[in-house]
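Q: pasting the sequence and the predicted model now:
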Amino acid sequence: MNEKNIPKIYRRRFIPDEKILLKDDIIIEINDDIIITKWEVIKKRSDFSHGISCYFLNENIKVSKFIDNNENILYWYCDIIDWEYDAEDNAYVFNDLLIDVIVYENGFVKVVDIGEISTALEKGYINTELVKKALNTVDSLLNIVYDGKFDIYKKYISDI
């Protein structure tokens with residue numbers, strides 16, 4: 001993939017309302033099913049500094065490995081997403097559907113930001129179809145995690 005053909009990646013949040021070009025993310029692999037990126041934090045943090053993400057385009061999930069300064073995996077962060085591709089601009093826009101699932105190395109699972117999806121719907125930031133998509137996606141993801149099959153996602157980026 002030459003530099004001209006490398007697509008742009010945007011992250012869009014509904015709360016707060018922002019669309020950010022992830023200009024420093026490095027695309028490692030891209031095909032019709034996945035996009036794998038390496039990235040540094042946008043704003044300096046003390047708990048982690050960088051990571052690797054895999055966007056599962058057909059499943060509306062982005063799984064990220066969060067890594068600290070000592071190269072330790074802190075946890076796997078799963079964003080529930082919706083996305084669009086703009087061929088004219090050669091750009092992907094990944095919409096964060098607010099609900100996130102965090103999977104720790106010890107197997108502990110935490111679901112966060114569920115209330116935000118209700119707020120976003122109430123304020124008209126998202127529609128009912130996106131709420132349904134988010135809820136169905138998080139349900140499928142949690143079933144995979146609880147069935148001990150989360151490795152189907154981790155395997156794409158665990159050795160990078």
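A: Arrived safely. No experiment lies behind these values; they were computed from the predicted model shown.
Q: using PDB, write down the CA coordinates of stretch 107-121.
A: The C-alpha coordinates for stretch 107-121 follow below in PDB (Å, rounded to 0.1, in the frame of the first residue of the first chain):
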ATOM      1  CA  GLY A 107     -10.700 -12.200  32.800                       C
ATOM      2  CA  PHE A 108     -12.600  -9.400  34.700                       C
ATOM      3  CA  VAL A 109     -15.100  -7.700  32.400                       C
ATOM      4  CA  LYS A 110     -16.400  -4.200  32.800                       C
ATOM      5  CA  VAL A 111     -19.200  -2.500  30.700                       C
ATOM      6  CA  VAL A 112     -19.000   1.300  30.800                       C
ATOM      7  CA  ASP A 113     -20.900   4.400  29.500                       C
ATOM      8  CA  ILE A 114     -24.200   2.700  29.100                       C
ATOM      9  CA  GLY A 115     -26.000   5.700  30.300                       C
ATOM     10  CA  GLU A 116     -24.500   7.900  27.700                       C
ATOM     11  CA  ILE A 117     -26.400   6.100  24.900                       C
ATOM     12  CA  SER A 118     -29.700   7.100  26.600                       C
ATOM     13  CA  THR A 119     -28.500  10.700  26.900                       C
ATOM     14  CA  ALA A 120     -27.500  10.800  23.300                       C
ATOM     15  CA  LEU A 121     -30.800   9.400  22.200                       C
END
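Q: how about it: buried residues?
A: Buried residues in stretch 107-121, counted by 16 or more other C-beta atoms under 10 Å: 109, 113, 116-117, 120-121. Quick note: C-beta positions are derived from backbone N, CA and C, even for glycine.
Q: and those, which is closest to S53?
A: Among those, D113 lies closest to S53 (C-beta to C-beta), at 17.5 Å.
Q: look up how far I99 lies from the closest one.
A: 6 Å (C-beta to C-beta, to the nearest Å).
Q: quick one: list the elements packing against the helix or strand harbouring I144.
A: Per DSSP states H and E, I144 falls inside helix 128-146. When contacts are defined as 3 or more C-beta pairs under 8 Å, 6 or more residues apart in numbering; DSSP states H and E, helix 128-146 packs onto strand 73-86, strand 91-104, strand 109-112, helix 114-122.
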